[in-house]
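Enquirer: Build me a structure from this.
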Amino acid sequence: MPLEAMPPSLSSEDVFGGVKKKQTLLLRHRARLITFLICLTIVILTGVAIVFAVNLSGPTTDRAIYEGAGNRDGLVFAGHVFNIDMKQRQLSIYWEPAGCGSFYNRTEIAYSLENSGTVDNCGRIRMPVNVYINGQDQPVWAYNPSQDALGSVGRSNTIPALRGFIVSVPISIYTYALPLRANQYVTQEFLHPFGVWETKQTYLALSPSSAGNFAMSDNTTAFQALPILKMSVVDSTDDFVPTKSFAAPVLNARVPLPNGTWTDEAYVLMTTIKYSLLARVFCMAIFSINWLLTILVMGLTIKVLFHWKRTRRRRTGVKQDSTVLLFPITVIFSIPQLRALFVGDPAFGILLDAVGILLQIIIVSLCGGVLLIVLNKQLPEETLGPESEPAVGHETGKID
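Expert: Sure thing, here's the model as predicted:
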């Protein structure tokens, strides 16, 4: 080997400089790892906090309903969201009526003392009650106290079907004007998962002269109208929670009876529901993950494109592997699958689709096309790198 081809000896500064550089790189990688673990821990703790701290109750609690009744005589209804079918637009609510004041059977523990209640004013109803909804002739619930055994520990050992009833009512369809286009209206489904749905009914409680499932038009039975002091949905399902209604309930509403008389004891209630915080966070997390995958595909495409331009200009470099196409192909199939995990399985065409999956599929498809073109236009010379060039000595015929 010629003398000039021998590598120069390394000084102590070069050795220590290389060691210091390696230590710096090691510290940098360690700092990145620690930062990643801290961010991951924050994300996990935030998710756990949302799960356990989210409020699944409505704007009113059952305790507030009973306390609001005070010492007045009448009925109160605490509602529980039983089921919501968005495709059929049906809301099912389980109502638990209670008597307050003189309507309360004090031989049993008061409902108002449950859940850390402080007032003893509402509990099991002491007289027969029939509940009618939306002017229907047949009652949706007929309560007979003689068939309901007294309990010594409140409602824990009673039959729920005797002391409550389920009503399935249609969800109202009202539109929402887009802020940027006041003349264009969309349904609440378009705003998924931020839509709000409502339903409105009229309830009437009558006490028949004798217990039984009597039609309101039954002329052989005398009815006494009972005042409804308060009705409110107090809790929810896993996906939906009740929220404050746009219209306040109407107490002492005047409605006609089949016998031609009128009563002022009807109660008009509007129930408003929306997706829970947990459901909204879950949908937005999936939406963000899809965009993150799309941005990663864009970054990969830009990197490959710049590398290809640089190697074409120098006519040297390493040829890109065709496996780079696997990532955009995987992402373009993953985006619809993640979209299908949206809570409520909304139909395609919601707002998050317009600014999400539609743009994401277009961008990923274009990136895949660019990668395919780059791979197809690579020059054969690009397979040659500086290390693969022939030795100068062999070209000139010199022998080391």
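Enquirer: okay, CA-based contacts and neighbour counts for the rest of this
Expert: Will do.
Enquirer: Buried ones in stretch 209-218, by neighbour count?
Expert: Neighbour-count burial for stretch 209-218 flags 211-214, 216 (criterion: 16 or more other Cα atoms under 10 Å).
Enquirer: would you turn these into TSV with distance to residue 365, secondary structure and pLDDT?
Expert: Formatted as TSV, these follow (distance: Cα to Cα, whole Å; DSSP: H, G, I helix; E, B strand; the rest coil; pLDDT from 0 to 100):
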residue	distance to residue 365	secondary structure	pLDDT
211	69	coil	83
212	67	coil	85
213	64	coil	85
214	66	coil	88
216	64	coil	86
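Enquirer: Show me where the protein dips below the pLDDT cut-off.
Expert: Across the chain, the ranges flagged by pLDDT under 70 are 1-19, 47-48, 50-58, 115-117, 150-160, 176-183, 313-320, 379-400.
Enquirer: mind giving me the domain split of it?
Expert: Listed domain ranges for the chain are 22-53, 62-275, 276-386 (source: automatic domain parsing).
Enquirer: Tell me the one among the buried residues of stretch 209-218 nearest to residue 31.
Expert: Using Cα to Cα, residue 213 comes nearest to residue 31 of the buried residues of stretch 209-218, at 73.8 Å.
Enquirer: right, and that closest one touches residue 130 too?
Expert: Yes. Residue 213 sits in contact with residue 130 when judged by Cα atoms under 8 Å, with a separation of 7.2 Å.
Enquirer: Can you work out which residues contact both of these two?
Expert: Both residue 213 and residue 130 are contacted by 139, 141-142, under the criterion Cα atoms under 8 Å, 6 or more residues apart in numbering.
Enquirer: ok, and the most crowded of those residues?
Expert: When the shared contacts of residue 213 and residue 130 are compared by neighbour count (other Cα atoms under 10 Å), residue 142 ends up highest, at 24 neighbours.
Enquirer: wouldn't that residue be in contact with residue 216 here?
Expert: No. Using Cα under 8 Å, residue 142 is not in contact with residue 216; the gap is 11.6 Å.
Enquirer: before we move on, which element is residue 336 in?
Expert: helix 326-339 (DSSP states H and E).
Enquirer: Also residue 142?
Expert: Using DSSP H and E, residue 142 maps to strand 141-143.
Enquirer: which other helices and strands contact that strand?
Expert: If you count contacts as 3 or more Cα pairs under 8 Å, 6 or more residues apart in numbering; DSSP states H and E, strand 141-143 packs onto strand 129-133.
Enquirer: Residues contacting the strand it packs on, please?
Expert: By Cα under 8 Å, 6+ apart, the surrounding residues in contact with strand 129-133 are 138-144, 201-208, 211, 213-214.
Enquirer: and that strand, which strands flank it?
Expert: Looking at strand 129-133 with DSSP bridges, its partner strands are strand 141-143 (antiparallel), strand 196-208 (antiparallel).
Enquirer: tally of neighbours for residue 65?
Expert: 21.
Enquirer: what's the span of stretch 88-108 from first residue to last?
Expert: Start and end residues of stretch 88-108 are separated by 40 Å (Cα to Cα, to the nearest Å).
Enquirer: And for that stretch, what's in contact with it?
Expert: Under Cα under 8 Å, 6+ apart, the answer for stretch 88-108 is 69, 71-85, 111, 121-127, 150-154, 163-172.
Enquirer: Could you list the buried residues of that stretch?
Expert: In stretch 88-108, counting by 16+ other Cα under 10 Å, buried: 90-101, 103-106.
Enquirer: Next step: these restricted to strands.
Expert: Applying DSSP state E to those, the entries found in strands are 90-100.
Enquirer: And those, which two are furthest apart?
Expert: Farthest pair in these, by Cα to Cα: 90 and 100, 30.6 Å.
Enquirer: could I get the buried residues of stretch 209-218 as a markdown table with distance to residue 60?
Expert: As requested, those are exported to a markdown table (distance: Cα to Cα, whole Å):
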| residue | distance to residue 60 |
| --- | --- |
| 211 | 32 |
| 212 | 32 |
| 213 | 31 |
| 214 | 32 |
| 216 | 31 |
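Enquirer: partner residues bridging residue 91?
Expert: Applying DSSP bridges to residue 91 gives these bridge partners: residue 84, residue 169.
Enquirer: tell me the phi and psi of the nearest residue to residue 111 once chain neighbours are set aside?
Expert: Nearest residue to residue 111, sequence neighbours excluded (Cα to Cα, 6 or more residues apart in numbering): residue 123, at 4.6 Å. The phi/psi pair for residue 123 (degrees, to the nearest 10) reads phi -170, psi -150.
Enquirer: Residue 123 pairs with what?
Expert: Under DSSP bridges, the beta-bridge partners of residue 123 are residue 99.
Enquirer: In contact with it, which residues are there?
Expert: Residue 123 touches 98-100, 104-106, 108-112, counting by Cα under 8 Å, 6+ apart.
Enquirer: Now which of the contacts of stretch 88-108 would you call buried?
Expert: By 16+ other Cα under 10 Å, the contacts of stretch 88-108 give 69, 72-84, 111, 121-127, 150, 154, 163-166, 169-171 as buried.
Enquirer: Return the subset of those residues lying in helices.
Expert: Counting by DSSP state H, the buried ones among the contacts of stretch 88-108 place 69, 163 in helices.
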